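**Q** Sharing a model prediction with you, sequence too.
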Amino acid sequence: MGRSKKEIDKELMYKKLMPSAKKTTKSVQQEEVAEEIQPKRPEINSKPEPPMNFHRAIMRREVGIPVMDTQQTVIVNAMESVVIEKLDSALSRFKCCKCDRCKKDIVAYALNRLEPKYMVLYKGQPVPDFDPQTNAQVVTAVIKGILAVRAHPRH
């Protein structure tokens, strides 16, 4: 029995309006069977997807700085050399173990309680002197370290 022109074919209209509806149920089922037989492989040369908040992602930027000098420079915690410098004079005033382990514990204790002061120096360049107040803080931290290590040595 034929259809008249006035009757609306809903399936035909839906297929024309919706481009994704062009697939019939048979073709969808055939694709699913094909995927089961041959699973999709990830592409090797595919680009990684950008993060969701791409504008907020931390972008590493390399800045080129021309080399002006031929000498190598190093970053040094200046407090470390000052603490080591003051350690021997402070140890001579206190009866404390002077083994390598105890000395390192004292230095670590003092450095953890002092504010670090980083400097860029040439290799072999001595660390400049600090003001008397900073020297007093270093000596105080070293003495506290000696007392703490003497009370609880780790050997």
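**A** Good, I have the coordinates.
**Q** Show me what the top helix by length along the chain is packed against.
**A** If you go by DSSP state H, the chain has its longest helix at helix 132-151. For helix 132-151, the contact count by 3 or more CB pairs under 8 Å, 6 or more residues apart in numbering; DSSP states H and E identifies helix 78-93, helix 100-113 as packing neighbours. For glycine as for every other residue, the C-beta is placed from the backbone atoms N, C-alpha and C.
**Q** Of all these, which one is nearest Leu147?
**A** When those are compared by CB to CB, helix 100-113 sits nearest Leu147, at 9.5 Å.
**Q** got the CA coordinates for that closest one in CSV?
**A** What follows is helix 100-113, C-alpha atoms only, in CSV (Å, rounded to 0.1, in the frame of the first residue of the first chain):
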residue,chain,number,x,y,z
ASP,A,100,82.6,14.2,62.5
ARG,A,101,79.0,13.1,63.1
CYS,A,102,78.5,15.5,66.0
LYS,A,103,80.1,18.4,64.1
LYS,A,104,77.7,17.8,61.2
ASP,A,105,74.7,17.6,63.6
ILE,A,106,75.7,20.9,65.2
VAL,A,107,76.1,22.6,61.8
ALA,A,108,72.7,21.2,60.6
TYR,A,109,71.1,22.4,63.8
ALA,A,110,72.5,25.9,63.5
LEU,A,111,71.7,26.2,59.8
ASN,A,112,68.1,25.2,60.3
ARG,A,113,67.6,28.0,62.8
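**Q** Under the pLDDT cut-off, which ranges of this structure? List them.
**A** 1-8, 14, 18-70 (pLDDT under 70).
**Q** who's in contact with stretch 138-155?
**A** By CB atoms under 8 Å, 6 or more residues apart in numbering, the list of residues contacting stretch 138-155 from outside reads 79, 82-83, 86-87, 90-91, 94-97, 99, 101-102, 105-111, 113-114, 130.
**Q** now Met79: how far from Cys99?
**A** For Met79, the distance to Cys99 equals 23 Å [CB to CB, to the nearest Å].
**Q** Between these two, point out the one with more neighbours.
**A** Set Met79 next to Cys99 and count neighbours by other CB atoms under 10 Å: Met79 wins out with 22 against 11.
**Q** Could you pull up the residues touching that one?
**A** Leu111, Leu114, Glu115, Pro116, Lys117, Val138.
**Q** Most neighbours out of the residues you listed, which is it?
**A** The most neighbours of any of the contacts of Met79, using other CB under 10 Å, belong to Val138, which has 22 neighbours.
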